[in-house]
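1. Predicted coordinates and the sequence they were generated for:
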Amino acid sequence: MSYLKKLFEQSAYYFISNVIVMMAGFISFPIWTRIFSRAEYGLFSLVVITISLGVGFSKFGLQHAALRYHSDFKEYKTDLDMSYYYTTLFFGSVVISGSIISSAVLGIEVFLRSYIDGSLLDLMPYIAVLVFTGTLISILMMFIRADNRGRLYSIFIIAKKYGGLFLALFIVFHFMRSLEGVFIGFALSEVLMLAFLISLFVKKMKLRSISLAFMREALRYSFPLIWMELSNMILNIGDRYLLQFYLGPNSVGIYSAGYNLSNMAQSVLTTPLRLAITPMYLHIWNRDGKRRTMVFLNDTLDYYFVLAVPITVGMIWYGEEIITVLATSKFRDSAEVIPYIIIPLILRGAYVIYGAGFFIYKKTKILMYLALTAGMVNIGLNMILIPKFGILGAAYATFASFGMLSLLIAMISHKFLKVEIRVKRLCLYVLLSFLTMQLLSFYPAGNALQLLARLLIGSILYISAILAVDERLRRKTVSALSRRR
């Protein structure tokens, strides 16, 4: 099986699961925006991003070590057996996460309680539970992903998303029609999920198989990535905290609706790619060397843009209609931030391809410095632009800081591993995307069904146009279909 074919096969599992997960987002998005006011939705968004921030720090980067060192253990490049891999990383996560969460809760109670909004404080117990369970679920899920078990990983991702959604909806509609009910549902779901995942790996762990030497090595690799992940989170979520500070929860709610919709759209593409490609190019590097890895990454980046460009153009062209249909007219104003959000999200989503050199050569410390710089730039720009331009100021800051980070990663990683953008092909994809959107503008989209029909028609038009003008893609598609017969 060729590496690209294997990538598509693994990505297919992640893509299908991610589409199903995305559908949960599109189901919940109009429900939460209808049940809650703009201010309540703003608080909901703040809690969700606070949990994300907590999990990001609590993981301490060990999920990256789980991915990086799995092949070393599996291919006997270390003297330790696989039980040391599982046991050391899991119990290391338990200790580190527990310590961080306990310290954070104590610090909030002693030093920050008087500065935090009472509604947010009421939800802190659920935040703590969700951060702890989310950290451990992340490391266990990474064990599955590192082993290239895309189908099983996808099943758990779907179960996690829908389990939390259904429990939250059940509690909200039957017992507690409040934000507290939502997060109780999320917490119950994650506790059940964690218990089941532990049952799958408990036989692979032995308490005597804890290696402090391996833990130190894993932390040395992971430590720079902690700050990169946290900086990425600051890039993603710092604007919401500053909007809350300067303009209040109503503005957070409006901005979050546009941001969350853009994030859902790009994650359909970027999440399955990110999950599938890293273990694959590390495997190619170990087995076939630099040249084969570069060919693989260059082809993958081109295929990424085939899909990323129409998503970007479609969100910019029809953002207001999509927001109005899904979230009602009370969130219509959020459409103005979409162009400044979707473009940098799509560009950053490909950094696992054009930034592969950092991971292959273990130059993650450079990524840390780049992400920290971009995070500081983002915060500074938000502080300058939000008071002057409101929610658009936050969008401008996101566009500038994300764009800067993507450019720096691409330029510096290029010194280690040359991954090129095929400019002529990229321009072709942009042109075909604009022509497709122009044709679709004649089709109405006043409700969800019409919106879905427009999406299907647009996909057919764009794919047909690409296959008609791109001989290479046409040849590969015909070859793939003929092998299926």
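-> Arrived safely. Just so it is clear, the model here is predicted, and its values are computed rather than measured.
2. Distance of S209 relative to M315?
-> When distance is defined by Cβ to Cβ, to the nearest Å, S209 is 48 Å away from M315. C-beta coordinates here come from the backbone N, C-alpha and C atoms, glycine included.
3. the more surrounded of those two?
-> Neighbours were counted for S209 and for M315 using other Cβ atoms under 10 Å; M315 has more, 24 against 18.
4. For that one, pull up the helix or strand it's in.
-> helix 290-327 (DSSP states H and E).
5. Can you list the buried residues in that helix?
-> Buried positions in helix 290-327, judged by neighbour count with 16 or more other Cβ atoms under 10 Å: 293-294, 296-319, 321-327.
6. what do you get for stretch 81-97?
-> Along stretch 81-97, these residues count as buried under the neighbour rule (16+ other Cβ under 10 Å): 82-90, 92-93, 96-97.
7. counting contacts, what elements does the helix holding M315 pack onto?
-> helix 3-35, helix 249-288, helix 338-349, helix 351-354, helix 356-360, helix 423-440, helix 448-469 (3 or more Cβ pairs under 8 Å, 6 or more residues apart in numbering; DSSP states H and E).
8. Repeat the analysis, applying 10 Å as the threshold.
-> Judged by 3 or more Cβ pairs under 10 Å, 6 or more residues apart in numbering; DSSP states H and E, the packing partners of helix 290-327 are helix 3-35, helix 249-288, helix 338-349, helix 351-354, helix 356-360, helix 423-440, helix 448-469, helix 471-484.
9. Between helix 423-440 and it, find me the angle.
-> Helix 290-327 runs at 20 degrees relative to helix 423-440, counting by axes from the mean of the first three to the mean of the last three Cα atoms, to 10 degrees.
10. returning to what we had before: nearest to V172, out of the helices and strands packed on helix 290-327?
-> Of all the helices and strands packed on helix 290-327, it is helix 3-35 that lies closest to V172, at 7.1 Å by Cβ to Cβ.
11. And the average pLDDT for that closest one is what?
-> Taken as a whole, helix 3-35 carries a mean pLDDT of 71.
12. Same check on stretch 80-89?
-> Regarding stretch 80-89, the rounded mean pLDDT is 84.
13. And for stretch 266-275?
-> This predicted structure assigns stretch 266-275 an average pLDDT of 75.
14. can you pull the buried residues of it?
-> Along stretch 266-275, the positions that meet the burial threshold by neighbour count (16+ other Cβ under 10 Å) are 266-275.
15. now stretch 197-215
-> For stretch 197-215, a neighbour-count test (16+ other Cβ under 10 Å) marks 197, 205, 209-211, 214-215 as buried.
16. Same check on stretch 382-402?
-> Across stretch 382-402, burial judged by 16+ other Cβ under 10 Å covers 382, 385-386, 390-391, 393-402.
17. gap between the two ends of that stretch?
-> End-to-end span of stretch 382-402 (Cα to Cα, to the nearest Å): 13 Å.
18. Distance from the chain centre to it, please.
-> A distance of 22 Å separates the centroid of the chain from that of stretch 382-402, by Cα atoms, centre = their mean, to the nearest Å.
19. Columns distance to A465 and secondary structure on top of the buried residues of stretch 81-97, output as JSON lines?
-> Shown next, in JSON lines, are those (distance: Cβ to Cβ, whole Å; DSSP: H, G, I helix; E, B strand; the rest coil):
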{"residue": "M82", "distance to A465": "48", "secondary structure": "helix"}
{"residue": "S83", "distance to A465": "53", "secondary structure": "helix"}
{"residue": "Y84", "distance to A465": "53", "secondary structure": "helix"}
{"residue": "Y85", "distance to A465": "47", "secondary structure": "helix"}
{"residue": "Y86", "distance to A465": "48", "secondary structure": "helix"}
{"residue": "T87", "distance to A465": "53", "secondary structure": "helix"}
{"residue": "T88", "distance to A465": "51", "secondary structure": "helix"}
{"residue": "L89", "distance to A465": "47", "secondary structure": "helix"}
{"residue": "F90", "distance to A465": "49", "secondary structure": "helix"}
{"residue": "G92", "distance to A465": "51", "secondary structure": "helix"}
{"residue": "S93", "distance to A465": "47", "secondary structure": "helix"}
{"residue": "I96", "distance to A465": "50", "secondary structure": "helix"}
{"residue": "S97", "distance to A465": "49", "secondary structure": "helix"}
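20. will you turn those into JSON lines that also has distance to R422?
-> Putting the buried residues of stretch 81-97 into JSON lines (distance: Cβ to Cβ, whole Å) gives the following:
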{"residue": "M82", "distance to R422": "40"}
{"residue": "S83", "distance to R422": "45"}
{"residue": "Y84", "distance to R422": "43"}
{"residue": "Y85", "distance to R422": "39"}
{"residue": "Y86", "distance to R422": "41"}
{"residue": "T87", "distance to R422": "45"}
{"residue": "T88", "distance to R422": "42"}
{"residue": "L89", "distance to R422": "38"}
{"residue": "F90", "distance to R422": "42"}
{"residue": "G92", "distance to R422": "42"}
{"residue": "S93", "distance to R422": "40"}
{"residue": "I96", "distance to R422": "43"}
{"residue": "S97", "distance to R422": "43"}
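21. Now stretch 452-468 - C-alpha only, CSV.
-> Output in CSV follows, covering the C-alpha atoms of stretch 452-468 (Å, rounded to 0.1, in the frame of the first residue of the first chain):
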residue,chain,number,x,y,z
LEU,A,452,-27.5,21.6,2.9
ALA,A,453,-28.6,21.3,-0.7
ARG,A,454,-26.4,24.3,-1.7
LEU,A,455,-23.5,22.6,0.0
LEU,A,456,-24.1,19.3,-1.9
ILE,A,457,-24.5,21.1,-5.2
GLY,A,458,-21.5,23.2,-4.7
SER,A,459,-19.4,20.2,-3.8
ILE,A,460,-20.4,18.4,-7.0
LEU,A,461,-19.7,21.5,-9.1
TYR,A,462,-16.3,22.1,-7.6
ILE,A,463,-15.2,18.5,-7.7
SER,A,464,-16.3,18.2,-11.4
ALA,A,465,-14.4,21.3,-12.3
ILE,A,466,-11.2,20.2,-10.6
LEU,A,467,-11.3,16.8,-12.2
ALA,A,468,-12.0,18.4,-15.6
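22. mean confidence for the host helix or strand of R145?
-> Secondary structure from DSSP H and E places R145 in helix 124-146. Mean pLDDT, helix 124-146: 90.
23. Quick one: distance of the next helix or strand after it to the chain centre.
-> Per DSSP H and E, the first helix or strand lying C-terminal to helix 124-146 is helix 150-174. Helix 150-174 sits 17 Å away from the centroid of its parent chain (Cα atoms, centre = their mean).
24. Would you indicate which residues of helix 150-174 are buried?
-> By neighbour count, and taking 16+ other Cβ under 10 Å as the criterion, the buried residues in helix 150-174 are 150, 153-154, 156-158, 160-165, 167-169, 171-172.
25. same check, this time on stretch 435-455
-> By neighbour count on 16+ other Cβ under 10 Å, the buried set for stretch 435-455 is 436-437, 440, 445, 451, 454.
26. so where's this protein uncertain?
-> 1-15, 18, 75-77, 150, 228, 275, 445-446, 479-485 (pLDDT under 70).
27. again, only this time at 50
-> Scanning the chain with the threshold set as pLDDT under 50 gives 1.
28. Closest one of the buried residues of stretch 197-215 to Q244?
-> Minimum distance to Q244 across the buried residues of stretch 197-215 is 33.9 Å, recorded for L197 (Cβ to Cβ).
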